[in-house]
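Engineer: Any chance you could fold what I've pasted below:
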Amino acid sequence: MIVTINTRVVADLPRERDMWLEAETASVMGRVHTQMTAQRAANKDASLRAIAVFFAFGLGGAFLLYAAGGAGGALAAAGLVFLLAAPFAAYFSASLAQQRWRNAQREAADLPPPGTAISADGSGLTVGARQFSWSALDVARVDLQRIGSDNGNNYVLMRMVLTGVDFKLLIDPLRIENGRALLNKAYRHLVRARRPPAASLLSKLGF
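Structural biologist: From the prediction side, this is the model:
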């Protein structure tokens, strides 16, 4: 199984306690998006990230200006910082959307045709007319994104590639309706359930 964190290949998965997963549901249903819907999802995702970067630059600049010169003029200076950050945020948004879309297009062969129904529950995964028990599936790749600092990281699932007999499926929330819930469901059954339990402190000390 290949594991990437922020697009870089790493040796192993992070600790389970550092993984951020949504609340589990008994069953999940979704459909493969059309190309137009997937493109809109990619643009929306990139726009939200750009807005976060924009406000981070603006608020950070305002804080520094306030610390240096006090409250007087800080509001006007903050407005200037936001104005200067806007073109960068727009460029960042467009570049990120294009990059994610190119990556998704390269792996389009790992998706069933648009409109194909995909569902998952405690027994397994159904893709179109094909049904798979969880035990019949393996994980070829897990893509994660790290959020936080070096002392307090959390990891968010971005994508997974599942394999079986004559079967391969990319689960990408940008390409599949309810893809985030499907992603979490697959991770719980195919990764978390198969990982050995973490060693306790006493066992590490030899007791």
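Engineer: which regions of this protein sit below the pLDDT cut-off?
Structural biologist: For the chain, the stretches with pLDDT under 70 are 35-109, 148-152, 198-207.
Engineer: Next, please give the residue ranges for the strands of it.
Structural biologist: 2-5, 8-10, 19-20, 28-31, 117-120, 124-127, 130-133, 138-149, 152-164, 167-171 (DSSP state E).
Engineer: Please produce CSV containing the ones you listed, extended by distance to Glu177 and mean neighbour count.
Structural biologist: C-beta here means a position set from N, CA and C on the backbone, and glycine is covered the same way. Formatted as CSV, these follow (distance: least, CB to CB, whole Å; neighbours: other CB atoms under 10 Å):
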stretch, distance to Glu177, mean neighbour count
strand 2-5, 24, 15
strand 8-10, 29, 10
strand 19-20, 21, 16
strand 28-31, 4, 18
strand 117-120, 8, 20
strand 124-127, 13, 19
strand 130-133, 18, 14
strand 138-149, 19, 16
strand 152-164, 15, 18
strand 167-171, 12, 20
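Engineer: Going along the chain, name the helices of this structure.
Structural biologist: In the chain, the helices defined using DSSP state H lie at 35-69, 74-106, 179-190, 201-204.
Engineer: In terms of residue numbering, what are the domains of this protein?
Structural biologist: Per automatic domain parsing, the structural domains of the chain span 1-32+111-195, 35-108.
Engineer: now the strands of the chain as JSON lines including distance to Gly179?
Structural biologist: Converted to JSON lines, these look like this (distance: least, CB to CB, whole Å):
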{"stretch": "strand 2-5", "distance to Gly179": "18"}
{"stretch": "strand 8-10", "distance to Gly179": "23"}
{"stretch": "strand 19-20", "distance to Gly179": "16"}
{"stretch": "strand 28-31", "distance to Gly179": "6"}
{"stretch": "strand 117-120", "distance to Gly179": "9"}
{"stretch": "strand 124-127", "distance to Gly179": "13"}
{"stretch": "strand 130-133", "distance to Gly179": "17"}
{"stretch": "strand 138-149", "distance to Gly179": "13"}
{"stretch": "strand 152-164", "distance to Gly179": "9"}
{"stretch": "strand 167-171", "distance to Gly179": "6"}
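Engineer: Quick one: closest of the ones you listed to Tyr187.
Structural biologist: Across those, the minimum distance to Tyr187, taken as CB to CB, is reached by strand 152-164, at 5.8 Å.
Engineer: between the strands of the chain, which one is nearest to Arg192?
Structural biologist: strand 19-20 (7.9 Å).
Engineer: which residues does the closest residue to Pro14 other than its chain neighbours bridge with?
Structural biologist: By the measure of CB to CB, 6 or more residues apart in numbering, the closest residue to Pro14 outside its immediate chain neighbours is Tyr155, 5.0 Å from it. When assigned by DSSP bridges, Tyr155 has beta-bridge partners Met19, Arg146.
Engineer: Surely Tyr155 touches Asp143?
Structural biologist: No: counting by CB atoms under 8 Å, Tyr155 does not reach Asp143; the two are 10.4 Å apart.
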